[in-house]
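Student: predicted model, plus sequence, below.
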Protein chains: 2
Amino acid sequence: MQTLYVELGDRRYPIFIGSDLNPQTLLEPYIQGKQVMIVSNSTVAPLYLEHYQTAIEALGKQVATCILPDGEKYKDIQHLNLIFDALLEAGFNRDCTVLALGGGVIGDMAGFASACFQRGVYFIQVPTTLLSQVDSSVGGKTGINHPLGKNMIGAFQQPQVVLADMSQLKTLPDRELSAGLAEVIKYALLGDIEFLDWLEQHMDALVARDPVLLAEAVYRSCAHKARIVANDEKEQGERALLNLGHTFGHAIESYLGYGEWLHGEAVATGMVMAADLSHRMGWISADDVERTKRIISRAQLPIVCPKIPLDDFLGFMAHDKKVLNGQLRLVLMQRLGQAIITREFDPELMKQSILAHQAA
Amino acid sequence: MQTLYVELGDRRYPIFIGSDLNPQTLLEPYIQGKQVMIVSNSTVAPLYLEHYQTAIEALGKQVATCILPDGEKYKDIQHLNLIFDALLEAGFNRDCTVLALGGGVIGDMAGFASACFQRGVYFIQVPTTLLSQVDSSVGGKTGINHPLGKNMIGAFQQPQVVLADMSQLKTLPDRELSAGLAEVIKYALLGDIEFLDWLEQHMDALVARDPVLLAEAVYRSCAHKARIVANDEKEQGERALLNLGHTFGHAIESYLGYGEWLHGEAVATGMVMAADLSHRMGWISADDVERTKRIISRAQLPIVCPKIPLDDFLGFMAHDKKVLNGQLRLVLMQRLGQAIITREFDPELMKQSILAHQAA
Ligand SMILES: NC(=O)c1ccc[n+]([C@@H]2O[C@H](COP(=O)([O-])OP(=O)(O)OC[C@H]3O[C@@H](n4cnc5c(N)ncnc54)[C@H](O)[C@@H]3O)[C@@H](O)[C@H]2O)c1
Ligand SMILES: NC(=O)c1ccc[n+]([C@@H]2O[C@H](COP(=O)([O-])OP(=O)(O)OC[C@H]3O[C@@H](n4cnc5c(N)ncnc54)[C@H](O)[C@@H]3O)[C@@H](O)[C@H]2O)c1
Ligand SMILES: [Zn+2]
Ligand SMILES: [Zn+2]
């Protein structure tokens, strides 16, 4: 087991990363109060709820559960309210702990509920998808969607502790595993060329879910995100690097309609477009682009997207949050393994990069 | 005009207190971004919305409005969501400001919405009831009710600035004015005997809504709350003093059903009971109790409550939040003008104090 401490604001918390972790021992020092609400969904609960519930009850805690339907489309205020209902029906007070057992959807909803219930109770994350382990474990963002925008309503809420157990990734659908690998690759491409070497060495084993290598990938990814977030809590500068591939990806997701492609899949193709544009700008070599495409393909991720009319694609890019005062800024690669955020790119070349990575 | 700065956490903000305040001049330095959402209700908006909207538009801001129905019963998640709808329909971004124009209900809802929208935007309070001017202007508590409990869901959110304009109290119903005076008297009784002298001198003029004296009362009240809250942000000790009269009052409100008596009315009678028990404990004199009753009566507030079976009364008191590990703690008066929080009181005497202040 590896332990990574996230140093953030006035709070510091550990992420425990490994296989067959013992929740009873690991959680004991971090559960405040006597009451624990486990929030999970209808897919994850049948697989892992009992394991955690038994462990926490053995610590003498009163455990209640709230099982939500599975899906991003339920990440809304109505289903958030079901968590409040469960907390109040169980008679929980302001000393209680909310534990998220599931992927990023459950983590975001349970975390937000814990931020608001009684104006803030304790929060523990047990992310069960690779994506939530490498992304939502760090940064403290929680929230829900609104019909007019994703993640529009939320709070910053740091957990007491995160338990990332690789054994639970065994049951994850292949596409979800790959979507998580897209974010892992992102950390390598944006800031760690040695990590890219390492991924090239181990990608097949990662796709085969080798738990030791997965744990190492999660550790390195979380360490990168923790460093970047700590340097830039207010999201002014460096943190924007985490959006490598995301502005292109956002256009793909938006055009296809959310849910058609997974976020990680869209980001994967988006990173290819960003690499390609970086090459057209003369910053990275054709070989670097090939390396980018190859590692993404080996993670079972798409390197081209369906045909999308260019105007639509550009329109959706312009609506992305990275647009500042109407000027599109992109995360591109100055060198392979070293991203920058810039508005100094040729829009014509950008169009070429988009068109070059669409299905015929 | 008087200005009181609230020093809290990493943020400091002014409360401007006076009559016929000029919102354009006063708000200008505090409005961040270009977009302002004014949240108000169907009673207050016809009276004061135009005044503020015009002033803020004159600052070159894009103003949108969200007018909620009037009433505590709409302080729920469904109506909170209407504020999010309005923000997103107006296309507001994370640089926007939410301005609450109304009493405590609107302040709590708009403040909470501003805490959650895009994980936190700017917030300005224009409290238009005496109660919200002397209570919710300081402390940063925001939130909504849940069918199973009041103020169960919320956030701490400090405003950029508070504008407390006495001219707007002219339209306030008499009972609402008195309910605000109950909290004003509370500050005197719990910690400022000179303020009590002052209130005794000016109570008739306050009830007649003399704007200069009201402003002075608001200033002194906010200063007290600001000092207490700053000393005890986490609500462990001193802050509990602010609950003088509230545990008894909570029982009255709960038994009668919320809405029957105003909160301030219940607190008024609760303070009489607390004074009476303090006397029975031998801490304050019979004269002190008389002084307490007299100032409360002069504020047009009740000093006895309707007949409530003792067991019900005690049951509701036990459900109050001030109960710690099953032990009831009460805010009582060690001396007139000096409250303490204690579990060292005789329960039999407490029963007598309750029974002595019920209608026959
Ligand atoms: N808070 C943050 O910083 C942050 C960062 C990135 C993404 N997110 C959010 O996370 C969400 C996406 O997260 P996600 O990709 O984990 O999606 P998800 O939570 O929807 O999980 C994907 C699917 O896998 C299932 N699943 C989860 N764990 C499983 C397991 N161990 N075995 C079998 N099936 C399992 C889920 O039930 C779901 O069907 C989005 O809502 C996104 O906005 C948040
Ligand atoms: N956040 C805090 O620290 C805090 C502190 C105390 C109370 N509160 C909350 O505040 C609420 C009570 O606040 P309140 O007493 O202001 O009640 P309120 O907001 O319901 O206002 C009382 C009534 O007066 C009307 N009104 C408001 N201003 C008016 C004006 N200038 N002229 C005419 N009518 C006017 C309102 O429309 C309403 O009908 C409760 O929900 C309580 O939980 C919050
Ligand atoms: Zn992402
Ligand atoms: Zn009160």
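Tutor: Alright, I've got the coordinates. Ligands and ions are numbered 1, 2, ... in the order given.

Student: please, where are all the helices along the stretch 51-200 of chain A?
Tutor: Taking DSSP state H, counting those that start in this stretch as the test, the helices found in the stretch 51-200 of chain A are A:77-89, A:104-116, A:130-131, A:174-191, A:193-207.

Student: tell me the buried residues in the last one?
Tutor: Across helix A:193-207, burial judged by 16 or more other C-beta atoms under 10 Å in any protein chain shown covers A:195-196, A:198-199, A:202-203, A:206-207. C-beta here means a position set from N, CA and C on the backbone, and glycine is covered the same way.

Student: any chance of the residues you listed in TSV, plus pLDDT and distance to ligand 1?
Tutor: Converted to TSV, the buried residues of helix A:193-207 look like this (pLDDT from 0 to 100; distance: C-beta to the nearest ligand atom, whole Å):
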residue	pLDDT	distance to ligand 1
A:195	98	19
A:196	98	21
A:198	98	23
A:199	98	19
A:202	98	21
A:203	98	19
A:206	98	16
A:207	98	16
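
Student: relative to ligand 2, which of these is nearest.
Tutor: Of all the buried residues of helix A:193-207, ligand 2 sits closest to residue A:195, with 47.7 Å by C-beta to the nearest ligand atom.

Student: rewinding a little: chain B is nearest to which of the helices of the stretch 51-200 of chain A?
Tutor: When these are compared by C-beta to the nearest C-beta, helix A:77-89 sits nearest chain B, at 3.8 Å.

Student: near chain B at all, the closest one?
Tutor: Yes - for a cut-off given as C-beta under 8 Å from any C-beta of the partner chain, helix A:77-89 has contacts with chain B, namely A:77, A:81, A:84-85, A:88-89.

Student: generate a markdown table for those, with distance to ligand 1 and neighbour count as supplementary columns.
Tutor: Below are the residues of helix A:77-89 next to chain B laid out as a markdown table (distance: C-beta to the nearest ligand atom, whole Å; neighbours: other C-beta atoms under 10 Å in any protein chain shown):
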| residue | distance to ligand 1 | neighbour count |
| --- | --- | --- |
| A:77 | 14 | 18 |
| A:81 | 18 | 17 |
| A:84 | 19 | 23 |
| A:85 | 21 | 14 |
| A:88 | 25 | 17 |
| A:89 | 24 | 11 |
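
Student: residue A:114: neighbour count?
Tutor: Residues near residue A:114, counting by other C-beta atoms under 10 Å in any protein chain shown, number 28.

Student: right, and it touches residue A:108 too?
Tutor: No - between residue A:114 and residue A:108 there is no contact under C-beta atoms under 8 Å: 11.0 Å.

Student: give me the common contacts of these two.
Tutor: residue A:142 (C-beta atoms under 8 Å, 6 or more residues apart in numbering or on different chains).

Student: and residue A:357, what does it touch?
Tutor: A:269, A:272-273, A:276, A:303-305.

Student: out of those residues, who's nearest residue A:24?
Tutor: Top of the list for closeness to residue A:24, among the contacts of residue A:357 and by C-beta to C-beta, is residue A:269 at 42.2 Å.

Student: what segments of chain A are strands?
Tutor: Using DSSP state E, the strands of chain A run over residues A:2-8, A:11-18, A:35-41, A:62-68, A:97-102, A:122-127, A:141-146, A:149-156, A:161-165, A:330-335, A:338-342.

Student: between those strands, which gets nearest to residue B:131?
Tutor: Closest approach to residue B:131 among these (C-beta to C-beta): strand A:149-156, 27.2 Å.

Student: list the buried residues for stretch A:6-13?
Tutor: Residues A:6, A:8, A:13 are the ones in stretch A:6-13 that count as buried (16+ other C-beta under 10 Å).

Student: could you measure from the first one over to residue A:232?
Tutor: Residue A:6 sits 14 Å away from residue A:232 when distances are taken as C-beta to C-beta, to the nearest Å.

Student: repeat for residue A:225
Tutor: Per C-beta to C-beta, residue A:225 is found 11 Å from residue A:232.

Student: what comes into contact with stretch A:289-304?
Tutor: Outside stretch A:289-304, the residues that touch it by C-beta under 8 Å, 6+ apart are A:174-175, A:178-179, A:181-182, A:185, A:188-189, A:196, A:199-200, A:203-204, A:206-207, A:261, A:264-265, A:268-269, A:271-272, A:275-276, A:278-279, A:336, A:357-359.

Student: got it, and stretch A:12-24?
Tutor: In contact with stretch A:12-24 (C-beta under 8 Å, 6+ apart) are residues A:1-6, A:26, A:30, A:51-52, A:55-56, A:58-59, A:126, A:133, A:137-138, A:158-167, A:211-212, A:215, A:218-219, A:222.

Student: list buried residues within these.
Tutor: With burial judged by 16+ other C-beta under 10 Å, the buried subset of the contacts of stretch A:12-24 is A:4, A:6, A:26, A:30, A:52, A:55-56, A:126, A:133, A:137-138, A:158-166, A:211, A:215, A:218-219, A:222.

Student: quick check: mean pLDDT of stretch A:319-332?
Tutor: Computed over stretch A:319-332, the mean pLDDT rounds to 75.

Student: once you drop chain neighbours, what's closest to residue A:160?
Tutor: In space, and not counting its chain neighbours, residue A:160 is closest to residue A:30: 4.3 Å by C-beta to C-beta, 6 or more residues apart in numbering or on different chains.

Student: tell me how far the helix ranked longest in chain A is from the chain's mean position?
Tutor: Longest helix of chain A, by residue count under DSSP state H: helix A:211-231. Offset of helix A:211-231 from its chain centre (C-alpha atoms, centre = their mean, to the nearest Å): 12 Å.

Student: report the central residue of chain A.
Tutor: Centroid check for chain A by C-alpha atoms, centre = their mean gives residue A:135 as the closest residue, at 3.1 Å.

Student: what's the closest of the helices of the stretch 51-200 of chain A to residue B:70?
Tutor: The minimum distance between residue B:70 and those falls on helix A:77-89, with 22.4 Å, by C-beta to C-beta.

Student: keeping just the C-alphas, turn that closest one into PDB.
Tutor: Taking Å, rounded to 0.1, in the frame of the first residue of the first chain, the C-alpha atoms of helix A:77-89 are listed here in PDB:
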ATOM      1  CA  ILE A  77     -30.700  18.500  -7.400                       C
ATOM      2  CA  GLN A  78     -33.600  16.000  -7.000                       C
ATOM      3  CA  HIS A  79     -31.300  13.100  -6.300                       C
ATOM      4  CA  LEU A  80     -29.000  15.200  -4.200                       C
ATOM      5  CA  ASN A  81     -32.100  15.800  -2.000                       C
ATOM      6  CA  LEU A  82     -32.500  12.100  -1.600                       C
ATOM      7  CA  ILE A  83     -29.200  12.100   0.300                       C
ATOM      8  CA  PHE A  84     -30.500  14.900   2.600                       C
ATOM      9  CA  ASP A  85     -33.700  12.900   3.100                       C
ATOM     10  CA  ALA A  86     -31.700   9.800   4.100                       C
ATOM     11  CA  LEU A  87     -29.500  11.800   6.500                       C
ATOM     12  CA  LEU A  88     -32.400  13.400   8.300                       C
ATOM     13  CA  GLU A  89     -34.600  10.200   8.300                       C
END
